[in-house]
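Peer 1: Test case, fold it:
(one chain, ligands or ions: 1)
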Amino acid sequence: MDISITINSLLTIFLYTLTFIINNINGDYMNKSIWSEYKEKIKTKQFKDNLYTDILIIGGGLAGINVAFNLNKTKYKVSLIEKDELLSGTTNYTTAKVTFLQNTVYDDIKKCHDEETSDLYLKSQLEAIKMIKNNIKNYNIDCDFQDEDSYLFTLEEKGINKIKKIIKILQNNHIKYNIIHKLPNDLKCLYGIKVANCGTFNPIKYAYGLLNNTNVDIYEHVRALKIKKEDDKYIIETDKGMITTKYIVTTTHYPFFIIPGLLPLKMHLKKSHVVASKISKPYNFNAISVDKKEISIRYYQNYLLFGGESYKMSNHIDYEKRQDELIQNFKKYFNTDINYNWSTYDLVSNDYLPIIGKIDDNHYVACAFNAWGMTNTTIAGKLISDLINKRNNKYELLFNPKREITLKRTLNFLTDNINITKIYLKTKINKNKEFYKDNVKIVNIDGKSYGIYIDDNQKEHIVRNLCPHAKCSLIFNYQDKTWDCPCHGSKYDIDGNVIKGPSVFDIKK
Ligand SMILES: Cc1cc2nc3c(=O)[nH]c(=O)nc-3n(C[C@H](O)[C@H](O)[C@H](O)COP(=O)(O)OP(=O)(O)OC[C@H]3O[C@@H](n4cnc5c(N)ncnc54)[C@H](O)[C@@H]3O)c2cc1C
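Peer 2: Presented below is the predicted three-dimensional model:
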């Protein structure tokens with residue numbers, strides 16, 4: 001046997017194995033969530049030129065689907081448009097803990113408003129969990145729901161006080177809890193609490209379960225571009241034709257239009273990273289830490305979902321480094337391979353309460369779930385359906401988009417917008433050279449900035465380095481191979497086609 005052929009073969013096998021291992025950690029599984037395995041075929045309609053409907057839901061994530069589900073028994077004709085495939089947005093990247101133990105949110109709301117508001121929010125979350133459980137039971141939804149305890153914990157001295165404040169709120173609301181110093185998977189913590197009656201599920205299977213119990217007309221691959229009001233009707237321009245409707249419900253995660261006095265000024269984006277790893281022994285609990293280096297844990301079948309590195313998107317633009325940090329943190333506690341690895345952002349309001357309600361005569365919006373969308377999209381579905389059907393709902397004022405502006409909200413507003421201005425200027429002045437490596441360049445042609453991505457075949461993909469939404473410059477995201485807007489989160493592929501809003505337009509070629 002020719003020894004050089006054998007060495008060559010062994011080398012090839014070694015290289016293939018190495019590539020496979022690297023891909024499993026950092027390549028093929030990059031930004032592919034565990035939920036992307038659960039697509040279901042659902043009956044959709046073909047969009048033909050123009051559409052007339054009574055209620056148009058824009059956005060087919062968990063929020064839009066909850067609204068459709070709650071409007072099911074009304075006299076109205078309900079249609080839903082989705083720019084891509086159903087459930088391909090943030091819902092596809094969630095960790096889907098169904099819990100009312102939501103980090104420090106009750107204390108944050110108390111600081112922005114008052115104790116009464118914080119208590120009402122807590123009530124709404126407890127009610128939402130009951131609604132989810134009832135839906136699963138009454139409609140026989142197979143979504144792998146696990147009834148679980150939820151844990152809130154800290155690994156740091158300064159986290160103890162944060163948890164004690166949450167304990168006080170739980171005590172005032174007569175909610176039982178236990179003090180803990182370790183999680184059921186043996187992860188030791190300095191201090192923590194656990195509460196009962198929470199859970200986890202497969203969010204995609206749950207959403208399809210709701211959809212299978214509605215008769216809404218669904219149109220995929222129809223993108224809303226503009227909304228115009230004519231008398232008592234709305235005309236929506238889409239990339240496929242016009243839609244005329246009496247009511248609109250916008251559930252596009254980040255609304256694609258400006259809401260004066262509210263959006264984008266009173267929100268920020270919170271980006272989080274997640275890895276999923278196959279394990280031999282799954283546990284029946286979910287947990288989140290209050291620490292700056294946040295840890296989120298849940299199990300799904302024989303996978304552990306470990307999340308963290310949550311930060312205001314305008315404060316960090318080194319996404320790849322953040323993902324690496326999450327992996328390093330994961331490896332500190334668990335010695336298993338990583339099978340899925342993803343990140344995305346959720347929208348956070350400056351008083352930590354979701355925005356659900358009326359923004360114009362017959363136009364409703366549901367967004368800013370502050371990374372607690374499983375319960376809050378459930379609330380949104382019921383609340384918006386009640387508002388359209390002129391029924392009372394005790395949470396109408398709590399989530400009202402036009403609610404009171406308090407001093408703390410104003411301070412948060414200033415901090416958020418200073419951060420966004422800083423990142424805006426940084427992208428303009430610095431050009432963020434440190435983020436552009438070998439295969440990505442920024443060039444100036446006739447005084448205009450362009451981004452160039454050179455692909456594996458050495459082909460250059462050139463885009464104007466300007467987000468059509470609010471004219472921020474773009475950052476190259478090495479994890480997703482996309483151009484991202486660090487101000488408001490729009491995302492474009494290497495040829496400038498818009499993938500994620502708020503922008504609805506491609507970058508000018
Ligand atoms: C990493 C991470 C972990 C999380 N973990 C939890 C958790 O454990 N528990 C919890 O309760 N919450 C969690 N959340 C929050 C929760 O996942 C989200 O709040 C929720 O999924 C948002 O649902 P949505 O329907 O508003 O948005 P999406 O799922 O993004 O749906 C919006 C849809 O609108 C479509 N769309 C956008 N623009 C247009 C347009 N112009 N025309 C037509 N369609 C359009 C999009 O394509 C998309 O499908 C987490 C979030 C993140 C990022």
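Peer 1: Not including adjacent chain positions, what is the nearest residue to Ile235?
Peer 2: Among residues not flanking Ile235 along the chain, Lys228 sits closest, at 4.7 Å (C-beta to C-beta, 6 or more residues apart in numbering). All C-beta atoms are positioned from the backbone trio N, CA, C, and that covers glycine.
Peer 1: burial count for that neighbour?
Peer 2: 10 (other C-beta atoms under 10 Å).
Peer 1: what does the model give it for pLDDT?
Peer 2: The model reports Lys228 with a pLDDT of 96.
Peer 1: for the helix or strand harbouring it, packing partners?
Peer 2: Element membership for Lys228, per DSSP states H and E: strand 224-230. Under the contact definition 3 or more C-beta pairs under 8 Å, 6 or more residues apart in numbering; DSSP states H and E, strand 224-230 sits against strand 233-238.
Peer 1: what comes up buried for the strand it packs on?
Peer 2: Of the residues in strand 233-238, Tyr234, Ile236, Thr238 count as buried by neighbour count, 16 or more other C-beta atoms under 10 Å.
Peer 1: could you check the angle strand 224-230 makes with that strand?
Peer 2: For strand 233-238 against strand 224-230, the angle by axes from the mean of the first three to the mean of the last three C-alpha atoms, to 10 degrees is 160 degrees.
Peer 1: Strand 233-238 pairs with which strands, parallel or anti?
Peer 2: strand 224-230 (antiparallel), strand 242-250 (antiparallel) (DSSP bridges).
Peer 1: Please identify the deepest-packed of those strands.
Peer 2: Among those, strand 242-250 has the highest mean neighbour count (mean count of other C-beta atoms under 10 Å), at a mean of 21.
Peer 1: Does that one reach the ligand?
Peer 2: No: using C-beta under 6 Å from any ligand atom, strand 242-250 never reaches the ligand; the gap is at least 8.6 Å.
Peer 1: gap between that strand and the chain center?
Peer 2: Relative to the centre of its chain, strand 242-250 is centred 24 Å away, using C-alpha atoms, centre = their mean, to the nearest Å.
Peer 1: Which SSE is immediately downstream of it?
Peer 2: Once strand 242-250 ends, the next helix or strand along the chain (criterion: DSSP H and E) is strand 267-278.
Peer 1: What residues sit buried inside that following strand?
Peer 2: Neighbour-count burial for strand 267-278, counted by 16+ other C-beta under 10 Å, picks out Met267, His268, Leu269, Lys271, Ser272, His273, Val274, Val275, Ala276, Ser277.
Peer 1: Poorly predicted segments of this structure, please.
Peer 2: Scanning the chain for pLDDT under 70 picks out 1-30, 314, 427-436, 509.
Peer 1: Okay, and the beta partners of Tyr234?
Peer 2: When assigned by DSSP bridges, Tyr234 has beta-bridge partners Lys229, Thr245.
Peer 1: isn't it right next to Lys228, touching?
Peer 2: Yes: in this structure Tyr234 lies within contact range of Lys228 using C-beta atoms under 8 Å: 7.1 Å.
Peer 1: Straight-line length of stretch 465-485, end to end?
Peer 2: Distance between the boundary residues of stretch 465-485 (C-alpha to C-alpha, to the nearest Å) amounts to 10 Å.
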